[in-house]
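Engineer: Pasted the sequence and its predicted model underneath.
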Amino acid sequence: MKDFRPEEKNVVYIGEGVSVTGAVKAQDTVVIDGMVDGEITCSQLIVGASGVVNGVISVSDADIYGRIGTDISIKQLLVVRSTGRVEGKWIYGEIEVEKGGVLFGTAESTEIRSERKPTKDEKPSSIKTFDKPALVASNDEGAASNTPVAGISSRAMRERRKL
């Protein structure tokens, strides 16, 4: 878990054994080692291994070691650690799940990605991009015999699938 100091400004810390019902709002970080039943709004949410959150979550980034559930909206990065469990309806920009992390429910991507764009000094050609492959015409009997068809035969495709 990120190094956390409770004396930091704009930070809410809910310790182990503490239970909160209602809305928790902070400009920066909310760290939960206890239990929250309600709404959480902040920039960064960290739920410790003993932490449990049930309710509406609306944050930019989340690092989950414990359990969260209900309606979850992560604008940028959702990280689910090996001990983490995410349940309910969750919307995320990007997601990272460690082996052992559990995702259960309905997921939706906001398609917000941290795509790398060329700087002023950098030529766009130095960033590798890949074009979507074009569709290949089928080799049906009704197709013109002089039309070149790229690809492998259906028999070769079946043989590859067997491997």
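Structural biologist: Perfect, thanks for sending it. Residues are numbered from 1 along each chain as shown.

Engineer: Secondary structure element for residue 8, which one?
Structural biologist: Using DSSP states H and E, residue 8 sits in no helix or strand.

Engineer: residue boundaries of the helices in the protein?
Structural biologist: In the chain, the helices defined using DSSP state H lie at 154-162.

Engineer: Show me where it has its strands.
Structural biologist: Secondary structure of the chain (DSSP state E): strands at 11-14, 19-25, 29-32, 35-47, 52-64, 67-80, 85-97, 102-109.

Engineer: Buried deepest among those, which one?
Structural biologist: Mean neighbour counts were compared across those using mean count of other Cβ atoms under 10 Å; the top stretch is strand 29-32, at a mean of 24. Glycine gets a C-beta too; all of them are placed from N, C-alpha and C.

Engineer: Give the other helices and strands that that strand contacts.
Structural biologist: strand 11-14, strand 35-47, strand 52-64 (3 or more Cβ pairs under 8 Å, 6 or more residues apart in numbering; DSSP states H and E).

Engineer: Same list (the strands of the chain) but as CSV, adding mean pLDDT.
Structural biologist: Conversion of the strands of the chain to CSV gives the following (pLDDT from 0 to 100):
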stretch, mean pLDDT
strand 11-14, 91
strand 19-25, 95
strand 29-32, 93
strand 35-47, 95
strand 52-64, 95
strand 67-80, 93
strand 85-97, 93
strand 102-109, 91
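
Engineer: now the helices and strands packed on strand 29-32 as CSV including distance to residue 95?
Structural biologist: Formatted as CSV, the helices and strands packed on strand 29-32 follow (distance: least, Cβ to Cβ, whole Å):
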stretch, distance to residue 95
strand 11-14, 24
strand 35-47, 14
strand 52-64, 10
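
Engineer: Could you point out which of the ones you listed sits nearest residue 22?
Structural biologist: strand 35-47 (4.6 Å; Cβ to Cβ).

Engineer: okay but residue 37 is in contact with residue 19, surely?
Structural biologist: Yes. Counting by Cβ atoms under 8 Å, residue 37 touches residue 19, with 7.4 Å between them.

Engineer: among the helices and strands packed on strand 29-32, which is nearest residue 93?
Structural biologist: strand 52-64 (8.7 Å).
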